[in-house]
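Colleague: Pasted the sequence and its predicted model underneath.
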Amino acid sequence: MAANLPQSIDTNSTQSLIGKVVAVTGASGALGRGLVEELSIQGANVIAITTNLSTIFPVGVTGLLWQLGAESDLLPHLQAVDILIVNHGVNVYGDRSFTAINKSFEVNTFSTIRIAELFLSTVTSEGDRESKELWINTSEAEVNPAFSPLYELSKRTLGDLIILLRFDSPCTIRKLVLGPFKSQLNPYGVMSAPWVARAIIFLAQRGFRNIIITINPLTYLLFPIKELAQYWYFKLLTKSERIV
């Protein structure tokens, strides 16, 4: 089994992206575009997954449209994917209506988990276990305020669910714990999305499973503590129902 220990670094790192099939959700956003560009530079065969009909991607990048709630339609495409980066999200800011609650959790949490489950179901051989990886953008809202309560709640839930997924995951799952970068979701972000994209890939290639990129030093201190505490809490109080 791949990553069921709360390790920060593993030795099964992605040394080279040349020839790898890498799919990115949320590909029309600022970070998504940054990832698509950097992955292409690194020699990956990129599949840009988006809900935006008008998005035009660079030559050589395969665009793929999908709809929220229709994640199962992606399964045939995920079969050939080596690395899936789940990056889509939404920020409703101060809205606290039932509509905003449903939207936040459906996009940020449940849609991500459904896509993750689909991808993990494609890991069926020893070769898949060695080559396939799942990277999920959770945000430093897991441990620090994002000044958007529903964004924080949905991302914290996602982060905790990823800990559960890791216990039984057949391949490596990497968390992308990102601070505020300038994007459509956060026009006041202080980091550059293209720079964040390059840093994500740099750290992933060197084996980091929890990829923290932020200007807030508290995140580097608080996240490992939170992650370890939740790991042991879930480890002691949950069990696998897999038939061995």
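Modeller: Arrived safely, thanks for sending. Numbers count the residues shown, from 1 in each chain.

Colleague: Which element, helix or strand, includes the nearest residue to residue 145 once chain neighbours are set aside?
Modeller: Leaving aside its chain neighbours, residue 145 sits nearest to residue 152 (6.6 Å; criterion: Cβ to Cβ, 6 or more residues apart in numbering). From N, CA and C alone the C-beta is placed, and that goes for glycine too. Under the criterion of DSSP states H and E, residue 152 resides in helix 149-168.

Colleague: Would you point out which residue is most central in this protein?
Modeller: When Cα atoms, centre = their mean is applied to the chain, the residue found nearest the centroid is residue 136 (1.3 Å).

Colleague: Next up, the contacts around it.
Modeller: 85, 86, 112, 116, 158, 162, 173, 174, 175, 176 (Cβ atoms under 8 Å, 6 or more residues apart in numbering).

Colleague: Show me where the protein has its strands.
Modeller: For the chain, the strands defined by DSSP state E occupy 21-25, 45-50, 62-65, 83-86, 133-137, 172-178, 210-213.

Colleague: Quick check: can you name the pairing partners of the fifth one and their directions?
Modeller: Yep, that's strand 133-137 we're talking about. strand 83-86 (parallel), strand 172-178 (parallel) (DSSP bridges).

Colleague: Count the residues that sit near residue 190.
Modeller: Number of residues near residue 190 (other Cβ atoms under 10 Å) recorded here: 12.

Colleague: ok, it touching residue 182?
Modeller: Yes. Counting by Cβ atoms under 8 Å, residue 182 is a contact partner of residue 190 at 7.4 Å.

Colleague: Check the contact between the residue nearest to residue 145 and residue 141; I expect there is one.
Modeller: Yes. Residue 152 lies in contact with residue 141 (Cβ under 8 Å); the separation is 4.5 Å.

Colleague: Of the two, which one has the most company?
Modeller: Set side by side, residue 152 and residue 141 show more neighbours around residue 141, with 26 against 20, by other Cβ under 10 Å.

Colleague: Report the contact partners of the more buried one.
Modeller: Contacts of residue 141 (Cβ under 8 Å, 6+ apart): 148, 151, 152, 155, 156.

Colleague: ok, the fourth one to residue 138 distance?
Modeller: Put plainly, it is residue 155. Note on residue 155: its distance to residue 138, by Cβ to Cβ, to the nearest Å, is 6 Å.

Colleague: now do the third one
Modeller: Separation of residue 152 from residue 138 (Cβ to Cβ) stands at 11 Å.

Colleague: Equivalent analysis for the last one, please.
Modeller: When Cβ to Cβ is applied, the distance between residue 156 and residue 138 equals 8 Å.

Colleague: No further queries at this time; thank you.
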